[in-house]
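In: Kindly return the folded structure for what I paste below:
(one chain, ligands or ions: 1)
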Amino acid sequence: TDPDRWQAVDLWFADHLLPVDPAGEAALAANAAAGLPPHDVSPLQARFLGMVAKMVGARRVLEIGTLGGYSTLHLARALGPAGRVVTLEFNPHHADVARANLTAAGVMDRIDLRVGPAHDHLPDLAAAVEDGSEPPFDLIFIDADKPSNPVYLDWSMMLVRPGSVILADNVVRDGRVTDPDGDASVQGVRSFTGMVAADPRLEATVLQTVGVKGHDGFMLIRVASV
Ligand code: SAM
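Out: Next up is the predicted model:
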């Protein structure tokens with residue numbers, strides 16, 4: 001197989017399995033028009049995220065890396081009106097586009113979009129869970145700067161409960177993850193993987209993906225205890 005085949009298969013399944021999604025398509029179009037990098041999850045992957053949220057019965061989701069809010073939209077829809085997605089975005093321009101997309105899609109009232117480096121917001125979120133003023137997160141989606149994945153895992157462990165799920169995108173990186181001399185993103189994913197493997201509280205697997213996003217993958221982590 002080759003990338004053209006992967007794309008054709010992705011589009012075929014998307015065509016058969018996904019509902020028409022005018023708000024999602026409008027968000028992707030707005031992201032492109034605003035010059036955002038095309039780093040959103042694919043439509044099939046967005047549905048996967050929403051389904052994981054439903055399967056864990058999530059009420060509260062943390063996303064690290066909003067971009068234009070395409071994944072955020074699918075997470076918010078999966079939670080329903082009583083749910084809450086806290087989403088962290090470094091880049092103010094990305095955050096502005098996301099806010100407009102999520103408002104147009106009618107879900108902004110269930111979203112808490114915080115702008116700035118995730119590292120600046122994670123301590124506040126952890127303090128709120130620690131002192132009981134906010135419940136832990138049922139699902140955390142890590143999809144920002146990959147060199148920081150180890151830091152995001154450390155903070156995530158202060159934000160979850162037994163049974164929570166952590167998903168990390170882009171852990172395969174076109175296969176480069178196996179290269180010990182890989183770039184900073186590869187090093188981030190490799191350290192993150194080592195931390196997950198060494199933590200007896202966590203159970204994890206990786207789903208490699210090919211499709212419109214090339215060759216990549218998700219790490220799916222279940223928190224057994226905290
Ligand atoms: N989750 C989005 C989706 O699927 O639609 C895609 C997110 S994109 C892969 C990564 C985003 O993380 C970018 O918008 C980038 O600006 C943001 N980012 C990078 N470094 C960050 C940081 N330190 N804190 C928060 N966000 C960061």
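In: what residue ranges in the protein score low on pLDDT?
Out: 1 (pLDDT under 70).
In: Up against the ligand, what does it have?
Out: Contacts of the chain with the ligand, taken as CB under 6 Å from any ligand atom, map to 39-41, 65-67, 70-71, 88-91, 94, 117-118, 143-145, 148. C-betas here are computed from N, CA, C, even on glycine.
In: partners of the residue positioned nearest the centre of the chain in the sheet?
Out: The chain has residue 141 as the residue nearest its centroid, 3.4 Å off, counting by CA atoms, centre = their mean. Here residue 141 sits in beta bridges with residue 63, residue 167, going by DSSP bridges.
In: thought it was touching residue 169?
Out: Yes - counting by CB atoms under 8 Å, residue 141 touches residue 169, with 7.3 Å between them.
In: Would you confirm that residue 134 belongs to a helix?
Out: No - when classified by DSSP: H, G, I helix; E, B strand; the rest coil, residue 134 is found to be coil rather than part of a helix.
In: Find the nearest non-adjacent residue to it, please.
Out: Of all residues not flanking residue 134 in the chain, residue 128 sits nearest, at 4.0 Å (CB to CB, 6 or more residues apart in numbering).
In: go on, residue 3?
Out: Nearest non-adjacent residue to residue 3 (CB to CB, 6+ apart): residue 214, at 6.5 Å.
In: List the residues that contact the one you found.
Out: 3, 6, 174 (CB atoms under 8 Å, 6 or more residues apart in numbering).
In: For residue 151, which non-adjacent residue is closest in space?
Out: Nearest non-adjacent residue to residue 151, counting by CB to CB, 6+ apart: residue 119, 6.7 Å away.
In: What is the burial count for residue 86?
Out: The local packing of residue 86 (other CB atoms under 10 Å) involves 21 other residues.
In: From residue 93, how far out is it?
Out: 20 Å (CB to CB, to the nearest Å).
In: those helices in this structure, which residues are they?
Out: 3-17, 22-33, 43-55, 70-79, 92-104, 118-130, 149-156, 184-198 (DSSP state H).
In: which secondary structure elements does the fourth one contact?
Out: It refers to helix 70-79. Helices and strands touching helix 70-79, by 3 or more CB pairs under 8 Å, 6 or more residues apart in numbering; DSSP states H and E, are helix 22-33, helix 43-55, strand 60-64, strand 84-89, helix 92-104, strand 111-115, strand 137-142.
In: Buried ones in that helix, by neighbour count?
Out: For helix 70-79, burial by neighbour count (16 or more other CB atoms under 10 Å) applies to 70-79.
In: thinking again about what came up before, pull the number of nearby residues for the residue nearest to residue 134.
Out: For residue 128, using other CB under 10 Å, the count is 15.
In: swap in the one 10 residues further on?
Out: By the measure other CB under 10 Å, the count of residues near residue 138 is 21.
In: what residues are up against it?
Out: Contact analysis of residue 138 by CB under 8 Å, 6+ apart lists 53, 56-61, 161, 163-165.
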